[in-house]
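**Student:** have a look at this prediction, sequence included:
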Amino acid sequence: MSSSKSNSKSNRISSRLVPYIADMVLSTRLLKLKRIVVEHKRKLTKQPHIVTVYLALNDPYSYLLLQVLKAFQARFSVEYEFRTVLNKQPDMFPAPKLWQQNAFKDGQYLAELYALNFPTSAPISSAERDAQLTAQLLHWELQPGYLENALLLFNAYWLSDDSVVDDAAIESLVSSAVTNNVECYQQHLRANESLLKDNGHYLSAMMHYGNEWYWGLDRLQYLERRFNDLGIHADSRADIRINYDATHRYFCQRMNKQDVLETTDQQPLELFWSIRSPYSYIAIVRARQLVNFYNIPLVVKPVLPMVMRRMQVPKNKTHYIARDASREAHQHNIPFGCIADPLGKGVENCYALYEFAQSQGKGVEFLESYARGVWSEGIRSDTATGLKILVERVGLSWQDAQLLLKDDSWRLSAQNNLAELYGIGLWGVPSFKYGDVKVFGQDRLDCIEQAIVKGFEKN
């Protein structure tokens, strides 16, 4: 057998094994085993439960997380190791301006949700001032009282009445010997930012414990559950989501009931979506449940994945997203893990057949089935065998579908959808639009639900 034929056969075998390897790597059984090993090592070395916390002064999510850390520590026997960061990794943020604008708006929502402090308008600062104040935070890292000192500085930075950073309040907190010598702290800053990257992440407002990452308020519940399972909670098993708005509970409590609600205006929920995004898979399942309950239309607008738009997605980002999406899927009882990456031909096949599925009244059903196939069932959508399964199991004709696979007119609509996404001030998937409400991420479907419920109240 020639080497080329041997390599081709080896690649085919490898491709068939990848979904099962992914399923094993992301399995809860392996996760539990890893946690047992981590806890065993901790006990052997007689180490306390140490949570490494990465904070950035100009990051809204860091400010919100910082406000709950003292209460969190009071409930659990944990210690913090603080690592101040500042500079974003460029290849991790394809649209930094849009990201920052959305982060501030999202911060306002989270602050109201959890009854935390947050400004009505973003603070106006400068790169030089941020660097100076970051130097002060770095200085505090190596002495007692970082949490208390940092909270005072973050408050002065974020809560100014006129949106301009309150220099008078800040000057009473910082040392000019530190802020006037920023260069002396640059190696310290680079060490923190390198540690964040080397350990597999790119965002601030991150908590790292036992080789797992927990981002901001949205993922703090998973760390709480982990500590509850370890039995180190100081009092009750209360979690950080105690102030969660009643709207979401309303939906959850009524999901299993037979009665169906109906809006009067019938405005659609728009979902900007990618078949290669695991969060998009979760989003379309949850969005369909939502629109079915409230009896409103769902319009899905596919866009090309970043890699197919000639953009970079570093491995650190890909690995974290897969693990985070896995726990989010399990949280919502959505099967996940046996992954057959649709990148390339699998994406093209999906988008090429979407309009056909829509014409048969099965557009959303087809996309959800396709996503379930590639993200939880290991179905190779780039092969005729796999694609046929995905087409026929939603009641579409495989014979008719095959005739459409070479038509690339879908590329025009995919790029138009992307331009529309940018036009509403968002950049990534999944994103939702319902009337004037525009949000990024499947985490924010409760915002959409609140808007729907307000529509009922008006009528």
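**Tutor:** Looks like it arrived, so ask away. Since the structure is predicted, the reported quantities are computational estimates derived from the model, not experimental observations. Numbers count the residues shown, from 1 in each chain.
**Student:** elements contacting whichever strand or helix holds Val178?
**Tutor:** Element membership of Val178, judged by DSSP states H and E, is helix 176-179. Taking 3 or more CB pairs under 8 Å, 6 or more residues apart in numbering; DSSP states H and E as contact, the helices and strands that helix 176-179 lies on are helix 127-141. Where C-beta positions appear, they are placed from N, C-alpha and C, glycine not excepted.
**Student:** contacting residues around the helix it packs on?
**Tutor:** Residues outside helix 127-141 that contact it (CB atoms under 8 Å, 6 or more residues apart in numbering) are 55-58, 82-84, 86, 146, 149-150, 153, 157, 165, 170, 173-175, 178-182, 184-185, 188-189, 192.
**Student:** hey, C-alpha coordinates of it in CSV?
**Tutor:** Included here for helix 127-141 are C-alpha records, laid out as CSV according to Å, rounded to 0.1, in the frame of the first residue of the first chain:
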residue,chain,number,x,y,z
ALA,A,127,-4.8,54.5,28.6
GLU,A,128,-2.2,56.3,30.6
ARG,A,129,-4.5,56.7,33.7
ASP,A,130,-5.6,53.0,33.4
ALA,A,131,-2.0,52.0,33.4
GLN,A,132,-1.2,54.1,36.5
LEU,A,133,-4.1,52.7,38.5
THR,A,134,-3.3,49.2,37.4
ALA,A,135,0.2,49.7,38.8
GLN,A,136,-1.4,50.5,42.2
LEU,A,137,-3.5,47.4,42.0
LEU,A,138,-0.3,45.4,41.2
HIS,A,139,1.4,47.0,44.2
TRP,A,140,-1.4,45.9,46.5
GLU,A,141,-1.3,42.3,45.2
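**Student:** buried ones in that helix, by neighbour count?
**Tutor:** With burial defined by 16 or more other CB atoms under 10 Å, the residues of helix 127-141 counted as buried are 129-141.
**Student:** how about the helices in the stretch 1-150 of the chain?
**Tutor:** In the stretch 1-150 of the chain, the helices defined using DSSP state H, counting those that start in this stretch lie at 3-25, 28-44, 60-75, 96-114, 127-141, 146-158.
**Student:** dump those helices to a markdown table, plus mean pLDDT.
**Tutor:** Converted to a markdown table, these look like this (pLDDT from 0 to 100):
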| stretch | mean pLDDT |
| --- | --- |
| helix 3-25 | 69 |
| helix 28-44 | 96 |
| helix 60-75 | 96 |
| helix 96-114 | 96 |
| helix 127-141 | 97 |
| helix 146-158 | 97 |
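**Student:** figure out which of those helices is closest to Thr383.
**Tutor:** With respect to Thr383, and counting by CB to CB, the nearest of the helices of the stretch 1-150 of the chain is helix 3-25 at 9.1 Å.
**Student:** list the contacts for Trp158?
**Tutor:** Tyr63, Asn117, Phe118, Pro119, Pro123.
**Student:** which of the buried residues of helix 127-141 lies closest to Asn349?
**Tutor:** Asn349 has its nearest neighbour among the buried residues of helix 127-141 in Asp130, at 46.2 Å by CB to CB.
**Student:** separation between that closest one and Leu153?
**Tutor:** Using CB to CB, to the nearest Å, we find Asp130 at a distance of 12 Å from Leu153.
**Student:** residues contacting Ile275?
**Tutor:** By CB under 8 Å, 6+ apart, the contact set of Ile275 is Pro302, Pro305, Pro342, Gly346, Val347, Cys350, Tyr351, Leu367, Tyr370, Ala371, Val374.
**Student:** surely the first one and Leu412 touch.
**Tutor:** No: when contacts are counted by CB atoms under 8 Å, Pro302 is not listed as touching Leu412 (11.9 Å).
**Student:** and those two? Which one has more around it.
**Tutor:** Neighbours per residue, other CB atoms under 10 Å: of Pro302 and Leu412, the larger number sits with Pro302, 22 against 9.
**Student:** about what we covered before: the contacts of Ile275 in strands, which ones?
**Tutor:** For those, the ones inside strands are Pro302, with DSSP state E as the criterion.
**Student:** counting only helices, which of the contacts of Ile275 make the cut?
**Tutor:** Using DSSP state H, the subset of the contacts of Ile275 located in helices is Gly346, Val347, Cys350, Tyr351, Leu367, Tyr370, Ala371, Val374.
**Student:** can you get me a residue count around Ser397?
**Tutor:** Applying other CB under 10 Å, I find that Ser397 has 12 neighbouring residues.
**Student:** now do the contacts for it.
**Tutor:** Counting by CB under 8 Å, 6+ apart, Ser397 touches Val391.
**Student:** ok, the closest residue to Asp400 other than its chain neighbours - contacts?
**Tutor:** Leaving out its chain neighbours, the residue that sits closest to Asp400 by CB to CB, 6 or more residues apart in numbering is Phe356, at 7.1 Å. Residues near Phe356 by CB under 8 Å, 6+ apart: Leu396, Asp400, Ala401, Leu404.
**Student:** hang on, the earlier thing: now the common contact residues for Asp130 and Leu153.
**Tutor:** Common neighbours of Asp130 and Leu153 are listed as Leu57 (criterion: CB under 8 Å, 6+ apart).
**Student:** wait, Ser27 touches Cys338, no?
**Tutor:** No: the pair Ser27 and Cys338 does not pass the contact test of CB under 8 Å, sitting 9.8 Å apart.
**Student:** so which of these two has more stuff around it?
**Tutor:** More crowded of Ser27 and Cys338, by other CB under 10 Å: Cys338, with 21 against 14.
**Student:** and that one, helix, strand or coil?
**Tutor:** The three-state assignment at Cys338 reads coil, by DSSP: H, G, I helix; E, B strand; the rest coil.
**Student:** start at 405 instead
**Tutor:** Sure thing, new numbering starts at 405, so read that last one as Cys742.
**Student:** doesn't Val429 make contact with it?
**Tutor:** No: using CB under 8 Å, Cys742 is not in contact with Val429, being 10.8 Å away.
**Student:** quick one on the thing from earlier: between the contacts of Ile679, which is nearest Leu830?
**Tutor:** When these are compared for distance to Leu830 (CB to CB), Pro706 wins out at 15.0 Å.
**Student:** list the beta-bridge partners for that closest one.
**Tutor:** Residues in a beta bridge with Pro706, per DSSP bridges, are Trp677.
**Student:** need the contact list for it.
**Tutor:** For Pro706, the residues meeting the contact criterion (CB under 8 Å, 6+ apart) are Trp677, Ser678, Ile679, Cys754, Tyr755, Tyr758, Leu771, Trp814, Ser817, Ala818, Asn821.
**Student:** can you redo these as a markdown table with distance to Arg630 and pLDDT?
**Tutor:** Compiled in a markdown table, the contacts of Pro706 are given as follows (distance: CB to CB, whole Å; pLDDT from 0 to 100):
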| residue | distance to Arg630 | pLDDT |
| --- | --- | --- |
| Trp677 | 31 | 98 |
| Ser678 | 30 | 98 |
| Ile679 | 32 | 98 |
| Cys754 | 36 | 98 |
| Tyr755 | 39 | 98 |
| Tyr758 | 39 | 98 |
| Leu771 | 34 | 98 |
| Trp814 | 43 | 97 |
| Ser817 | 43 | 97 |
| Ala818 | 39 | 98 |
| Asn821 | 38 | 98 |
